[in-house]
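Chemist: sequence first, predicted model second:
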Amino acid sequence: MPIDKHTSELVPFSVLKDRGWTPEMLKLYRLHGSDQGWSLARAQALEGTPDWQADRARADAGLPLLYRRQELLADRHWSVTMVAEFLPEPDVVESLGPNRRRHVFASRRVEAIEATDRFKERAAIAAEMSRKAARSRERNHRQNEIKLQAEQVVAQLLAGFEYSVAGDETLAEVVALARADWDADEGWREARGRASWTRPSDGRLAVDFLRHERTAYGHQLGEIQQGLWELEAEVTDDEGENPIESFFDELKNSAHAAIRARTLEVIESTFPKLADAVAQRRASNYVMSDGQLFRTEAPLHLLGR
């Protein structure tokens, strides 16, 4: 349709479409219409600009004319900070309903910014930060998986443990064996400057002897340690640092407390006269920290074990 500069006619979008307009171009150039149509004179004025002609060429080539903010973040690797820095004002604001707006940017403007050295430097920094964040999320996800596996391993092992006191010695015979063990460790104590240690009561010696020599206490602690070994190794770095070491310490402490409690219970039920000594031993619980291993073969005189 021929148009002169005095034309004030309003035309339907089909006429503009024939002239190369797209819905995106209407938004970008703010060519607002109404029920009666769009201003043909206004369209003609815009069509004569280099920007409009460049956008028409892009549209004819099937290239995008607009990038929504989310597309920049998800598809073109912009960050929220970069959008605020390089694109402080949108080219188009789309209404999505009451109190909802979406910012949209001209593709020519976006791509021109992306070609600058400043943007490329910022993009490289943002990409590295994104990679670090992704690696951190992956590590955290794997650590959470390992925590769950570790809890399951310990729960299964604890559920399968049986608690009993082996042997048929009388309490007097147990006390005699415990005293002999204490005396046999005299050289060990002297070598470590602990010769002045006072021998515990017969009851305490008996409880420790039974726990280490007549129950599965040490074996069960070893089973827990072995069950967690591979999982701990998986999260330990080349320098020996375990980022969830405290989790494993707490898990071991919990398992150790459960095994210890059940072991002392069976000792007390087998030898009721050791009830007071068992109570004293319960009050001197051993707590794991700093990734320590279970001591499954502690000498009886190490009373904290």
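Modeler: Arrived safely, thanks for sending. Residues are numbered from 1 along each chain as shown.

Chemist: please enumerate the strands of this protein.
Modeler: Ranges of strands in the chain, per DSSP state E, are 10-11, 38-39, 66-68, 92-97, 100-106.

Chemist: ok, and the closest non-adjacent residue to E94?
Modeler: R102 (4.3 Å; Cβ to Cβ, 6 or more residues apart in numbering). Quick note: C-beta positions are derived from backbone N, CA and C, even for glycine.

Chemist: I'd say that neighbour and E71 touch.
Modeler: No: R102 is not in contact with E71 according to Cβ atoms under 8 Å; the separation is 10.7 Å.

Chemist: what backbone torsions are found at L31?
Modeler: Dihedral angles of L31 (phi, psi; degrees, to the nearest 10) stand at phi -90, psi 90.

Chemist: tell me the mean pLDDT over stretch 47-63?
Modeler: Mean per-residue pLDDT for stretch 47-63: 93.

Chemist: can you tell me what sits against that stretch?
Modeler: Outside stretch 47-63, the residues that touch it by Cβ atoms under 8 Å, 6 or more residues apart in numbering are 19-20, 22, 24-25, 28-29, 46, 64-65, 107-108.

Chemist: which of those fall in helices?
Modeler: Counted as lying in helices by DSSP state H, out of the contacts of stretch 47-63, are 24-25, 28, 46, 107-108.

Chemist: closest one of those to V207?
Modeler: Of all the ones in helices among the contacts of stretch 47-63, V207 sits closest to S107, with 79.6 Å by Cβ to Cβ.

Chemist: who are the contact partners of the residue nearest to the closest one when sequence neighbours are not counted?
Modeler: Excluding the flanking residues, the one nearest S107 by Cβ to Cβ, 6+ apart is P64, at 5.1 Å. When contacts are counted by Cβ under 8 Å, 6+ apart, P64 touches 24, 58, 107.

Chemist: next one: P64 from E24, what distance?
Modeler: P64 sits at a distance of 8 Å from E24 (criterion: Cβ to Cβ, to the nearest Å).

Chemist: can you check S164 too?
Modeler: S164 sits 80 Å away from E24, going by Cβ to Cβ.

Chemist: those two - which one has more neighbours?
Modeler: E24 (18 against 12; other Cβ atoms under 10 Å).

Chemist: for the more buried one, which non-adjacent residue is closest in space?
Modeler: Nearest one to E24, counting by Cβ to Cβ, 6+ apart, is L65 at 4.4 Å.

Chemist: burial of the one you found, as a residue count?
Modeler: With other Cβ under 10 Å as criterion, L65 counts 21.

Chemist: over to R68?
Modeler: 17.

Chemist: might one say that E9 is in contact with L40?
Modeler: Yes: between E9 and L40 a contact is recorded at 5.1 Å, counting by Cβ under 8 Å.

Chemist: let me see the mean pLDDT of stretch 151-167.
Modeler: The model assigns stretch 151-167 a mean pLDDT of 96.

Chemist: do the same with stretch 197-206
Modeler: Here the average pLDDT along stretch 197-206 is 88.

Chemist: how far does it stretch from start to finish?
Modeler: By Cα to Cα, to the nearest Å, the extent of stretch 197-206 from end to end equals 17 Å.

Chemist: only the buried residues of it, if you could.
Modeler: 200, 202-206 (16 or more other Cβ atoms under 10 Å).

Chemist: gap between the spatially most central residue of the chain and A133?
Modeler: In the chain, the centroid-proximal residue (Cα atoms, centre = their mean) is N140; its distance is 2.2 Å. Separation of N140 from A133 (Cβ to Cβ) stands at 10 Å.
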